[in-house]
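**Q** mind folding the following:
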Amino acid sequence: MPLGDKIRELRKAKGMTLEQLAAQTESSKGYIWELENRNTRKPSGEKLLKIAEALGVTAEFLLDDDKNSPDDTVLKSAFFRKFEKLKAGDQERIMKIVEGWAEDKK
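**A** Okay, here's the model as predicted:
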C-alpha cells in the first residue's frame with residue numbers, strides 16, 4: 001500500500017481531519033492532502049517521523065509498501081518511542097502503574 005493511502009487510512013481511523021494532522025505535524029493542510037493524494041510528494045525524514053508519531057505508528061511502517069496495517073510490533077515500537085520522549089518523572093509513574101498491574105496478576 002502506498003504511503004499516501006496509509007496516511008489517509010490511519011488518519012481517518014483515528015478520526016482526524018486533514019487540519020488536525022497538519023497541526024500535529026507542523027504542516028499545512030495542503031501538504032498533507034498532497035501526501036495522501038499525489039505520489040509525487042516525498043516527506044523529509046523529520047516530517048515522516050512527525051506524521052508517524054501523530055498516527056501512532058513507525059516511519060518504517062509507513063515506508064513499507066508490503067504492509068497494509070500496523071501489527072503489534074509496530075504499535076509497541078511507536079508506543080515506546082512516545083514513552084522515551086516523556087519526562088523522567090512521567091516515565092517513573094507509568095512504570096509504577098505497570099508494576100502494580102503485574103503485582104495484581106500474581
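
**Q** quick check: closest non-adjacent residue to the spatially most central residue of the chain.
**A** Central residue of the chain (CA atoms, centre = their mean): Gly56, 2.7 Å from the mean position. Distances taken as CB to CB, 6 or more residues apart in numbering put Ala78 closest to Gly56, at 5.2 Å, once the chain neighbours are dropped. Every C-beta, even on glycine, is put in place using the N, C-alpha and C of the backbone.

**Q** all strands of this structure, in order?
**A** Secondary structure of the chain (DSSP state E): no strands located.

**Q** average pLDDT for the longest helix seen in it?
**A** Taking DSSP state H as the criterion, the chain has its longest helix at helix 88-105. Model confidence over helix 88-105 averages 87 on the pLDDT scale.

**Q** chain center to that helix, what's the gap?
**A** Mean C-alpha position of helix 88-105 versus that of the full chain (CA atoms, centre = their mean, to the nearest Å) differs by 23 Å.

**Q** just the CA trace of that helix, in PDB.
**A** In PDB, the C-alpha atoms belonging to helix 88-105 read as follows (Å, rounded to 0.1, in the frame of the first residue of the first chain):
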ATOM      1  CA  ALA A  88      11.700  11.100  33.700                       C
ATOM      2  CA  GLY A  89       9.000  11.600  36.400                       C
ATOM      3  CA  ASP A  90       6.200  10.700  34.000                       C
ATOM      4  CA  GLN A  91       8.100   7.600  32.900                       C
ATOM      5  CA  GLU A  92       8.500   6.600  36.500                       C
ATOM      6  CA  ARG A  93       4.800   7.000  37.200                       C
ATOM      7  CA  ILE A  94       3.900   4.800  34.200                       C
ATOM      8  CA  MET A  95       6.400   2.200  35.200                       C
ATOM      9  CA  LYS A  96       4.900   2.100  38.700                       C
ATOM     10  CA  ILE A  97       1.400   1.600  37.200                       C
ATOM     11  CA  VAL A  98       2.600  -1.200  35.100                       C
ATOM     12  CA  GLU A  99       4.400  -2.800  38.000                       C
ATOM     13  CA  GLY A 100       1.200  -2.500  40.000                       C
ATOM     14  CA  TRP A 101      -0.700  -4.300  37.300                       C
ATOM     15  CA  ALA A 102       1.900  -7.100  37.200                       C
ATOM     16  CA  GLU A 103       1.600  -7.500  41.000                       C
ATOM     17  CA  ASP A 104      -2.200  -7.800  40.700                       C
ATOM     18  CA  LYS A 105      -1.800 -10.600  38.200                       C
END
